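1. Give the three-dimensional model of this entry:
(one chain, ligands or ions: 1)
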Amino acid sequence: MEMIVLPYSLDALAPVISAETLSYHYGKHLQTYVNNLNAALPGSGFEDSLLEDIVVRSEGGIRNNAGQVLNHNLYFTQFRSPVEGNVPEGRIAALIEQEFGSFDEFRKQFEAAGASLFGSGWVWLSAQDDGHLVITKETNAGNPVQRGLRPLLTFDVWEHAYYLDYQNRRPAHLSALWQIVDWKVVESRL
Ligand code: MN
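-> Numbers count the residues shown, from 1 in each chain. Below you'll find the predicted structure:
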């Protein structure tokens, strides 16, 4: 499995996510998950599998590391430089409004899910097979593909994602992240 290439520079997401956080999070944390997965793959039977299939079908250390690689790949590729008042448009905006009533209500529910997740994990917006959107919390390396969902958007609530910039203030970090969501990328995952 190869490291994804960031579609922006290390300082592009500041001040929402600093270059220092990004260099550790991408350069150290993700790199370690990729290295651990690559070390575990030989002889596992998953050498030629797609990442999503490994996450769904494997167990133990392979599943944890594959899950974290998939999660971070989706996470890092959904951002762009901060935009004040950044909101979804088009099809994804219509689906969110239809499901949650309004973007503000969706944002409130998504932030509350992330803030209330105990310990380490991820909050997700996913699509069901029937087209409905759903917010889920996944602990540790969990990914919605394990529930048969299609992941669209995720906020990482492991402390390594925000501690350098926000210390213990996870809710402040979550509410700042909306400025850097690239909704065209999110919509492309539908
Ligand atoms: Mn992370």
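
2. near the ion, which residues of this structure show up?
-> By the criterion of C-beta under 5 Å from the ion, the positions of the chain lying close to the ion are 156, 158, 161. Just so you know, the C-beta spots here come from the backbone N, C-alpha and C atoms, and that holds for glycine as well.

3. Can you flag which of these belong to strands?
-> The members of those that map onto strands under DSSP state E are residue 156.

4. can I get the residues of the chain next to the ion in JSON lines with pLDDT and neighbour count?
-> What follows is the residues of the chain next to the ion, written out as JSON lines (pLDDT from 0 to 100; neighbours: other C-beta atoms under 10 Å):
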{"residue": "156", "pLDDT": "98", "neighbour count": "24"}
{"residue": "158", "pLDDT": "98", "neighbour count": "19"}
{"residue": "161", "pLDDT": "98", "neighbour count": "25"}
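
5. Go through the residues of the chain next to the ion and name the one nearest residue 105.
-> When the residues of the chain next to the ion are compared for distance to residue 105 (C-beta to C-beta), residue 156 wins out at 22.6 Å.

6. OK, contacts around that closest one?
-> The neighbours of residue 156, taking C-beta atoms under 8 Å, 6 or more residues apart in numbering as the test, are 25, 71, 72, 75, 122.

7. Of the residues you listed - the most surrounded one?
-> Within the contacts of residue 156, neighbour counts (other C-beta atoms under 10 Å) peak at residue 122, which reaches 29 neighbours.

8. beta partners for that residue?
-> Counting by DSSP bridges, residue 122 forms beta bridges with residue 138, residue 156.

9. okay but it is in contact with residue 155, surely?
-> Yes: here residue 122 reaches residue 155: they are 7.0 Å apart, a contact under C-beta atoms under 8 Å.
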